[in-house]
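Asks: quick one: sequence and predicted model below, then my questions.
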Amino acid sequence: MRLIVVVIAAIATAAVDSFSFSPASVLTISWISASVWNDFYHPPNAKDLDNIFERTSNTWVTFTSIMLIYSLIVAAINGEPVGSIFLSQELGFSLILMNVWRYLYATYD
């Protein structure tokens, strides 16, 4: 069932891209889909400092999967090569940013 959610999210982000939305909207849809998949916003998970980096990393792996599936779908539709330096920067920076944000949220909320 969860695999279906990831595939639907990737297709939805590909549809969003074909309507000329910004790359930020694709990132947002992908991150929210990954968060829902991993129960990231469930209150006990949002404030648990013991496994916050593990939960964030699990969500990031799902987010990365959605973004890669999205890239494959867009490349297949447009007939172009897959991947870019921008994709790797987005994925790398999001791992750092979300871990820091999640730690601060759990600590000061």
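Replies: Yes, it's here. If you're wondering where the values come from, they're calculated on a predicted model, not measured in any experiment. Residues are numbered from 1 along each chain as shown.
Asks: show me what contacts Thr107?
Replies: Leu49 (C-beta atoms under 8 Å, 6 or more residues apart in numbering). In this view, the C-beta of every residue, glycine as well, is placed from N, C-alpha and C.
Asks: quick one: pLDDT of it?
Replies: Note on Thr107: pLDDT of 81.
Asks: in stretch 61-79, what's buried?
Replies: 62-71, 73-74 (16 or more other C-beta atoms under 10 Å).
Asks: likewise stretch 34-53?
Replies: 34-38, 40, 45, 52.
Asks: from start to finish, how long is stretch 35-49 in a straight line?
Replies: 17 Å (C-alpha to C-alpha, to the nearest Å).
Asks: work out the gap between that stretch and the centre of the chain.
Replies: Using C-alpha atoms, centre = their mean, to the nearest Å, the mean C-alpha position of stretch 35-49 is found 14 Å from that of the whole chain.
Asks: cheers, nothing more for now.
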